[in-house]
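[1] Below: sequence and its predicted model.
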Amino acid sequence: MKPLFTAFLFLSLPLSGATVILSPSADATLYGPPSEAIADGAGDWFFAGVNADGNIRRALLEFDTSLIPAGSVISAVELRLVVDRGRLFPSPLTAQRVTASWNEGITNASGREGQGSPAQGGDVTWAFRELGGSAWSTPGGDFAPAESAAAQVTGAGVVTLSGPGLVSDVQLWLADPSQNHGWIIRVVEYLTQTANRIISRTNPLAGSRPQLTVTYSPVPEPGIPILLLTAAGFSAFRRQRFP
């Protein structure tokens, strides 16, 4: 009698790409010298660039990526910001990965918020990741030297950043959430009057708040076993099933 050969083949069914749109979990402005004790973590805007007095402004922005299934492969990332007060000449706006944790804080600056307000305990400032707690290793924020993405900003309007640097950052955070401290947003700092005011996560204009769009491929489902038979085995199977 010919041997009856059977085998199991495990097939992993491919899953199509998915997209998630994330809102920030925190954002704030770092006010540079001589305003180190100024903050604005709960305001309607954050700022990036240099004002008319030559004072630097940098923005911090963080997103919770836990909605993306663990083990997913990130294929595209797009960061959307809305500038509602900017300069008429084009300036480069960059995003760099922050390498230390920080706390948004509760200070809500008055007026147009460009000058900030006196920092309170727990606020992130130019010198402190959390006022009353840990300081930045370098005043002005701890961040990777390489730019994750860049775009030109000219006046008011939508600014979109994308590219492999952002993809790499989000993939890193998905693999190790403890490293997710967001990005620092900067606008050219060697010229004056480059400061841009950007709508924050708490601004009443909900449709203009920052958005992070992430496209990813989920982990395939566990393989489905399929029974394979040789010709002889299939013939024997038919005789048993259909005498």
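    Received it, and whenever you're ready, just let me know what you need.

[2] any idea how far residue 95 is from the spatially most central residue of the chain?
    Of all residues in the chain, the one closest to the mean position by Cα atoms, centre = their mean is residue 63, 5.0 Å from it. Using Cβ to Cβ, to the nearest Å, residue 63 is found at 12 Å from residue 95. For the C-beta atoms, the positions are set from N, CA and C on the backbone; glycine is no exception.

[3] re earlier: now the residue nearest to the centre of the chain: how far from residue 26?
    Look at residue 63 and residue 26: by Cβ to Cβ, they are 9 Å apart.

[4] do the same with residue 56
    From residue 56 to residue 26 the distance is 20 Å (Cβ to Cβ).

[5] Please apply the same query to residue 138.
    For residue 138, the distance to residue 26 - Cβ to Cβ - is 20 Å.

[6] Neighbour count: the two, which is higher?
    Using other Cβ atoms under 10 Å, the more surrounded residue of residue 138 and residue 26 is residue 26, with 19 against 10.

[7] ok so the more buried one is a strand residue?
    Yes - under DSSP: H, G, I helix; E, B strand; the rest coil, residue 26 falls within a strand.

[8] Quick check: closest non-adjacent residue to it.
    Leaving aside its sequence neighbours, residue 26 sits nearest to residue 104 (Cβ to Cβ, 6 or more residues apart in numbering; 4.0 Å).

[9] you'd agree that neighbour is up against residue 39?
    No - in this structure residue 104 lies outside contact range of residue 39 using Cβ atoms under 8 Å: 9.4 Å.

[10] Please enumerate the shared neighbours of these two.
    Jointly contacting residue 104 and residue 39 under the rule Cβ atoms under 8 Å, 6 or more residues apart in numbering are 28, 123-124.

[11] Can you point out the buried residues in the lengthiest strand in the chain?
    For the chain, the strand with the greatest residue count under DSSP state E is strand 73-85. Across strand 73-85, burial judged by 16 or more other Cβ atoms under 10 Å covers 74, 76-83.

[12] Then stretch 197-215?
    Going by neighbour count (16+ other Cβ under 10 Å), the buried part of stretch 197-215 is 197-203, 208-212, 214-215.

[13] next one: stretch 145-164
    Using 16+ other Cβ under 10 Å as the burial criterion, the residues of stretch 145-164 that qualify are 147-149, 151, 153, 159, 161, 163.

[14] Format those residues as TSV; extra columns: pLDDT and secondary structure.
    Below are those laid out as TSV (pLDDT from 0 to 100; DSSP: H, G, I helix; E, B strand; the rest coil):
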residue	pLDDT	secondary structure
147	98	coil
148	98	coil
149	98	strand
151	97	strand
153	94	strand
159	97	strand
161	98	strand
163	97	coil
